[in-house]
Each structure stands twice: as structure tokens, then as C-alpha cells.
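Enquirer: What follows is a predicted structure for the sequence shown.
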Amino acid sequence: MNTSALSKYAGPAPITRRLFLANAALAAFGLPLYAQVKAAKPTHSCIVVGAGFAGLAAAYRLTAAGWNVTVLEARNRTGGRAWSYRFPQAPELVCEMGGEWIGKDHPRILALAEELNVPLEPHAYRVWLLQHEELHAPGSWNFSAESQAAWKRFMDKYKSSTEQERRRLDDYDWWTWLGKIGITDGDRRIREIMDSTDYGESIRQVSAYVAADEYVDTDYINPNSTDEMDFHVRGGNSVLIDAIAARLAPGALHLNSPVKSITERAGRVTVATANERFTSDSCIFTAPASVLNSIQFDPPLSSAKALAADELEYGRIIKSQMLFDRRFWPAEDFSLMSDETSQQYFHSTQGQPGPRGILCSYAIGDKADVLSSQSKPDRQAQLMRDLKAVCPDAAAALIDTFDQPWQYDPLAHGAYAIYRPGQWFRIRPLLEQPHGKVLFAGEHLGEWQGFMEGAVSTGEIAAQHLLR
Ligand SMILES: Cc1cc2nc3c(=O)[nH]c(=O)nc-3n(C[C@H](O)[C@H](O)[C@H](O)COP(=O)(O)OP(=O)(O)OC[C@H]3O[C@@H](n4cnc5c(N)ncnc54)[C@H](O)[C@@H]3O)c2cc1C
């Protein structure tokens, strides 16, 4: 990333609680941060399962330290749940089918982009609200003074809460908790729309601790808060993925290589795909927890870990990218929260050359299932009906759509992990526990869970652990 470009938009990044935690986690291994790591151990080897952000970050750090690294990826592409897409009819435009925004408080992915000279660009939005069939422009709607005061009271208390109090919070769902602390019913319904896009399910199913901890350093009860939706990689997030993959040793990356089994004998780990076997000193497993139990482990995983993997759900999200012949929406930084079919619509191609443009429809939970089960023409008609509030003849400007329903993806079974009430403190520790010489990383284990930052930081922490 171009640091001067970033500071121009964001100002110097403050030391946040999460940044403190991320650095503390690295320091816990008794090691300096990566910039200072030099110790090469050329005789050491590692097999990394998965070539998403977590796997590639881990593989890059180990390769840089002189390790012999093999990356096994089931898909025919790198990036996993980060995947940039260009319509054949408009190759000048790029949009994201998975991970979208990089937040100004996401230290490890920002550092990685900077280190690899991958430029970022601003990608924040102002929020229009479509509720009860009425469109409200930014500045014309706000949360009530009552809710703002209630939020401030809660945050003041939360910041000094004890671990016991946080564990108690984890037993609640976020919807119930917002009501309990005094957010008004009307504001709670708007937050339900907005927050559900962060989790991929209704906030009635999300741990209140997980939500409070995500929003603690944000301007939550302000419609203009960017909420960690600050930057994009210029040219698409896959540019950063490609830049990391380019740093691996030639031949290290094996695509179309779904791992079937992981066996440990006499301190060596053998990882088998349908056609090949690879043996090394260690393994970092970065595939989502939703596929963990499809891998045969020998010795087997503990029943507690296997159960934890089954329990952790992944959010249902369908992203539909809609290519239009003109940008009829009211602003380049247009984003719409809606109580219609999709919870959110936003301009995917902000700052990219016109006149054509792409709007993204982002539907979650039951709504994602409804849209996903429709035929493409029916889904298009449904989305165009919703967009009538923004432009009565949006349908006439539509060129094509491209959809990715993540809940149908066989290698993720959803968009990102959702920790339901009572799960964060109970099942996350089980999922992150090493299994012999197999370490675990991935978005679902990160302090910034659900983000590319969570993937990068856990991949780096796993690599750091091996470099001890
Ligand atoms: C719709 C959507 C929107 C998002 N929005 C944002 C956002 O705005 N900002 C943000 O920061 N993050 C966002 N995210 C989350 C972000 O994309 C993920 O947190 C991150 O990409 C996950 O990286 P990972 O490496 O942990 O997992 P993955 O990317 O899933 O990587 C794991 C890899 O393992 C592979 N794999 C699975 N099984 C096997 C097997 N048996 N053998 C070999 N390989 C296997 C998979 O194919 C995959 O490539 C979004 C995600 C989605 C889906």
C-alpha cells in the first residue's frame, strides 16, 4: 500500500484494542514482528492447506524465512473467499464476489499490502436508507438521541468490563442485548438490517459479545460511520492475493488439489490428495471449519474439536453484481440499506472509469436463500423491482448480472463464520488448538473474525509459531 495515500484518507492509524491484541498475540511467541524476522531454517518444511488469505500469508512468511513450503488448494484458483470478478462485457471494471473492504484498523493486511507495494484506494460510502418504501438520503436520517445516549452508556461500561462480564454478554444475542441497553425499537430494526450484513445472518443469531467487540472502536450509532469499510485494493483484492502467491517458491502452489487426509507418524505429517501425497515437518490447516470434518485425520481429531467444527455455522450470503450501461445512482459513494429483498445495495465500481458501472446486491440469511433459489431472470426482475425506488427504469439500463451464493459453496458452506450466543468462549479455543503438528488458522479464528484481516493475522501467527 502507498502509505502516503492511506494517511491522506485515514490519518495515522490509532493504536486500537485489536491492534494491541494482534501485536500481543505475535509477541506471545516471544518473537519480534515479521519485519524483523530473519532466522532462516532451510531444512524445515510445512504443508499449508488452503490458498486463501490465511494460507497464503502463512506460506509467504515461511518462504521468506527459508522454509520449504507446499500449498494445497482445492479450487482452480487462489483467494478462496476473496475473489475479484470482471464481466466479459466490461473488462475495464472490477468487482468483488467475496471479501470487499479493508478497514483502517486492520493492521496486518494493511502492512502486507504496503510491504508488497499493492496500492489501496478509498472505498467508503454514505448510506441511503430505504425503509417502508421511502428513500432517505444521507443526512436526512439518523438514530435517535435516546439510542445514542444508550450506546454511549453501554460502551463506557463495556470498555472496562471484566472477563466474567464479557462471558455473560456472550450468552446473549445482539438483537436482545440492543433492546436491553435501551436502543429504541425503531433504531434496532435499522441496526438489524445494517449489522446483519456484517454477520451474514440476523443479529438475533449472533453473540452479543462478538458484536460488541467488533463495534467497540467504531462510531456505531452514527449512520455515517464507515464501520471498517474504508479501502479496496486497486484493481481488486485478487491483486493482493496474486502478489503474495508470486512470492512463493516456483512449484510450491498446487491448485485443484483437495486434501483428503492428514496423517502424523513419528513427527512427520503426510497430507494426501486424491492423487498425491506430501510429507513435511508441519502443517497449517486454513480451510474453513465447515470442511474440517470432511478430512480424515489420523490420529483422529478430538471429539470436542470435531463437534466444535460441526457447531460453527457460516452465514448465508448471495452477492449479485449488476452491470449497468450507466450510473443512475445518486452518488459515486452510493450505498443503500434496505428492508426490501436485499439488505444492502452499493456501488462496486466507485472511482473506476465510466460510463458503465456495477451495483452490488447483498442479501443475507433467509433473504439470501430466497434469492438464491430463484432463476437468474426472476432474480434480476426482483432486484430491479427493489431498485425502482432509486431509479424507475433501472431495468432498462441492466446489461447482465453475476451471482455468488456462498451458502452453496462446497468449500466454505457460507460466507464467514457466525459465532452464535455462547460459542465464542466455548468453541473458538477448541478450534484453534493445534492437533499434534497441525496448526489451525483462518478467518474464523481471528480477532478480526469475518474479515480478511482475521485470515491474514491468523496465518501469520501460525507461521510465527513455527518460526519460534
Ligand atoms: C460475501 C462475502 C463478503 C465479505 N466481505 C468482507 C469484507 O468486506 N471485508 C473483509 O475483510 N472480509 C470480508 N469477507 C471475509 C473474507 O473474505 C474472509 O474472511 C477471508 O477471505 C477468509 O480467508 P481464509 O483464508 O480464512 O479462508 P478462505 O478464503 O476460505 O481460504 C481457505 C481455502 O481453503 C480451500 N479449501 C477448502 N477445503 C480444502 C481442502 N479439502 N483441500 C484444500 N483446500 C481446501 C478453499 O478452497 C479456500 O481457498 C467477506 C466474505 C464473503 C464471502
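Expert: Arrived safely. Numbering: from 1, shown residues only.
Enquirer: Every contact and neighbour count from this point should use C-alpha atoms.
Expert: Will do.
Enquirer: Would you mind listing the residues in contact with D333?
Expert: If you count contacts by Cα atoms under 8 Å, 6 or more residues apart in numbering, D333 has them with 123-126, 346-347, 350.
Enquirer: any idea how far it is from Y345?
Expert: D333 sits 11 Å away from Y345, going by Cα to Cα, to the nearest Å.
Enquirer: got the residues of the stretch 51-200 of the chain near the ligand?
Expert: Counting by Cα under 6 Å from any ligand atom, the residues of the stretch 51-200 of the chain close to the ligand are 51-55, 72-75, 78-82, 98-102.
Enquirer: please redo it, this time with the cut-off set to 5 Å
Expert: 51-54, 73-75, 80-82, 98-101 (Cα under 5 Å from any ligand atom).
Enquirer: quick one, phi psi at V48?
Expert: phi -110, psi 130 (degrees, to the nearest 10).
Enquirer: so who does V48 touch?
Expert: 55, 58-59, 69-72, 283-286.
Enquirer: Next step: the residues of the stretch 51-200 of the chain next to the ligand restricted to helices.
Expert: 53-54 (DSSP state H).
Enquirer: And the residues of the stretch 51-200 of the chain next to the ligand, which of them are buried?
Expert: 51-54, 73-75, 80-82, 98-101 (16 or more other Cα atoms under 10 Å).
Enquirer: For burial, what's the neighbour tally of D325?
Expert: Look at D325: counted by other Cα atoms under 10 Å, it has 17 neighbours.
Enquirer: Equivalent analysis for R277, please.
Expert: 13.
Enquirer: That one and T270 touch, don't they?
Expert: Yes: R277 lies in contact with T270 (Cα atoms under 8 Å); the separation is 6.6 Å.
Enquirer: got any residues that touch both of these two?
Expert: Common neighbours of R277 and T270 (Cα under 8 Å, 6+ apart) do not exist.
Enquirer: in the chain, which helix or strand is least confident?
Expert: helix 3-10 (a mean of 28; mean pLDDT, DSSP states H and E).
Enquirer: Can you add distance to G354 and give the buried ones among the residues of the stretch 51-200 of the chain next to the ligand back as JSON lines?
Expert: Shown next, in JSON lines, are those (distance: Cα to Cα, whole Å):
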{"residue": "A51", "distance to G354": "33"}
{"residue": "G52", "distance to G354": "31"}
{"residue": "F53", "distance to G354": "30"}
{"residue": "A54", "distance to G354": "34"}
{"residue": "E73", "distance to G354": "36"}
{"residue": "A74", "distance to G354": "36"}
{"residue": "R75", "distance to G354": "32"}
{"residue": "G80", "distance to G354": "29"}
{"residue": "R81", "distance to G354": "27"}
{"residue": "A82", "distance to G354": "24"}
{"residue": "G98", "distance to G354": "23"}
{"residue": "G99", "distance to G354": "23"}
{"residue": "E100", "distance to G354": "20"}
{"residue": "W101", "distance to G354": "21"}
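Enquirer: Farthest pair within those?
Expert: A74 and W101 (24.9 Å; Cα to Cα).
Enquirer: Q404 falls within a helix, correct?
Expert: No: with DSSP: H, G, I helix; E, B strand; the rest coil as the criterion, Q404 is assigned strand and is not in a helix.
Enquirer: Which strand or helix spans the residue lying closest to G436 once chain neighbours are set aside?
Expert: Leaving aside its sequence neighbours, G436 sits nearest to E264 (Cα to Cα, 6 or more residues apart in numbering; 7.6 Å). When elements are assigned from DSSP states H and E, E264 belongs to strand 259-265.
Enquirer: Can you name the residues in contact with the helix or strand following that strand?
Expert: Once the chain leaves strand 259-265, the next helix or strand it forms, by DSSP H and E, is strand 268-273. Contact partners of strand 268-273, identified using Cα under 8 Å, 6+ apart, comprise 47, 257-264, 277-283, 437-438.
Enquirer: Give me the next element, helix or strand, following strand 268-273.
Expert: Heading C-terminal from strand 268-273 (DSSP H and E), you reach strand 277-280.
Enquirer: what's the average pLDDT for that next one?
Expert: Mean pLDDT, strand 277-280: 98.
Enquirer: Show me which positions of it end up buried.
Expert: 279-280.
Enquirer: Partner strands of that strand and their direction?
Expert: Strand 277-280 pairs in its sheet with strand 268-273 (antiparallel), by DSSP bridges.
Enquirer: what residues are up against A394?
Expert: With Cα under 8 Å, 6+ apart, A394 has these contacts: 328, 384, 387-388.
Enquirer: 10 Å instead?
Expert: 324-329, 383-388 (Cα atoms under 10 Å, 6 or more residues apart in numbering).
Enquirer: L307 too?
Expert: 293, 301, 427, 430-431.
Enquirer: One more: L248?
Expert: 56, 59-64, 68-71.
Enquirer: Check S375 too.
Expert: A381 are the contacts of S375 under Cα under 10 Å, 6+ apart.
Enquirer: contacting residues around the helix or strand harbouring I244?
Expert: Using DSSP H and E, I244 maps to helix 237-245. By Cα under 10 Å, 6+ apart, the residues outside helix 237-245 that reach it are 1, 51-53, 55-57, 59-61, 71, 78-80, 82-85, 94-96, 98-102, 109, 112-113, 116-120, 233-234, 246, 252-253, 452.
Enquirer: Just the buried ones out of the residues you listed, please.
Expert: Using 16+ other Cα under 10 Å, the buried ones in the contacts of helix 237-245 are 1, 51-53, 55-57, 59-61, 71, 78-80, 82-85, 94-96, 98-102, 109, 112-113, 118-120, 233-234, 252-253, 452.
Enquirer: So which residues make contact with stretch 136-151?
Expert: 125-130, 135, 153-154, 157, 178-188, 190-191, 219-224, 330, 334-337.
Enquirer: Need the phi and psi values for the residue sitting furthest away from the middle of the chain.
Expert: What lies farthest from the middle of the chain is A266; by Cα atoms, centre = their mean that is 36.6 Å. Dihedral pair for A266: phi 50, psi 40, per degrees, to the nearest 10.
Enquirer: next one: H465
Expert: phi -60, psi -40.
Enquirer: how much space between it and A51?
Expert: From H465 to A51 the distance is 19 Å (Cα to Cα).
Enquirer: in the stretch 251-400 of the chain, which spans are helices?
Expert: 303-311, 365-372, 376-387, 394-397 (DSSP state H, counting those that start in this stretch).
Enquirer: most neighbours per residue, which of the ones you listed?
Expert: helix 365-372 (a mean of 20; mean count of other Cα atoms under 10 Å).
Enquirer: and that one, how far out from the chain's middle?
Expert: Put simply, helix 365-372 sits 19 Å off its chain's centre (Cα atoms, centre = their mean, to the nearest Å).
Enquirer: ditto for stretch 58-69
Expert: For stretch 58-69, the distance to the chain centre is 24 Å (Cα atoms, centre = their mean).
Enquirer: next one: stretch 71-82
Expert: Chain-centre distance of stretch 71-82: 15 Å, with Cα atoms, centre = their mean.
Enquirer: Return that stretch as CSV; C-alpha atoms alone will do.
Expert: Taking Å, rounded to 0.1, in the frame of the first residue of the first chain, the C-alpha atoms of stretch 71-82 are listed here in CSV:
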residue,chain,number,x,y,z
VAL,A,71,0.4,-25.1,-0.6
LEU,A,72,-2.5,-27.4,-1.5
GLU,A,73,-5.7,-25.7,-2.7
ALA,A,74,-8.9,-27.5,-3.7
ARG,A,75,-10.1,-24.8,-6.1
ASN,A,76,-8.7,-24.0,-9.5
ARG,A,77,-7.8,-20.5,-8.3
THR,A,78,-6.2,-18.8,-5.3
GLY,A,79,-8.0,-16.4,-2.9
GLY,A,80,-10.8,-18.6,-1.5
ARG,A,81,-13.5,-16.3,-0.2
ALA,A,82,-11.6,-13.3,-1.7
